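*Asks:* Curious how this folds, go ahead:
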Amino acid sequence: MIIKKEGIKPKNSICTLRLARYLDPEGKIERYNLQYLRYVLDLDVQATAHDALGDVLVLEKLFERLKKKLMEQENLDEEKVLEKMIEISSHPSLLKTIPFGKHNGKTIEEIARVDRGYLEWLLQQKLESNQIDEDWIYTLKHHLGK
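*Replies:* Residues are numbered from 1 along each chain as shown. Modelled structure (predicted):
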């Protein structure tokens, strides 16, 4: 995502955020930021949080953990797992819950039934924002049938 924001468009990339979401279909993990995943997955790495080198070291461990989990879950070899990681990373994730605001912790599916207007408003905010937020836009359009 940050790479796209900088105008760099690699042919293939692997997004650990999308992989983590993919490997957590029940949405048991509360957040998917790097340092949260470091501790919730008990990644053994000696690194300073929010330091460039530290973040790279954590990212490396996270990548290896996600790759191993995907290999086991889908019975893939080394070459096929990288292809699958690129494929998962190539399209937006369908988010499951809202982690903020008045509907914090509720599923987006539930909110679509009881407060569709909130999702319409949130989609408009995401579309008007100057931040690239493909996963949110994809999710909101999906649940709103757009």
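*Asks:* Look at Tyr39 and report its pLDDT.
*Replies:* Tyr39 carries a pLDDT score of 92 in this model.
*Asks:* Checking it next. Helix, strand or coil?
*Replies:* Classification of Tyr39 using DSSP: H, G, I helix; E, B strand; the rest coil returns helix.
*Asks:* Quick one: distance of stretch 62-72 to the chain centre.
*Replies:* 15 Å (CA atoms, centre = their mean, to the nearest Å).
*Asks:* Show me which residues of it are buried.
*Replies:* For stretch 62-72, a neighbour-count test (16 or more other CB atoms under 10 Å) marks 62, 65-67, 69-71 as buried. Yep, even glycine has a C-beta here, placed from its N, CA and C like the rest.
*Asks:* now stretch 98-106
*Replies:* Within stretch 98-106, the residues that count as buried by 16+ other CB under 10 Å are 98, 103, 106.
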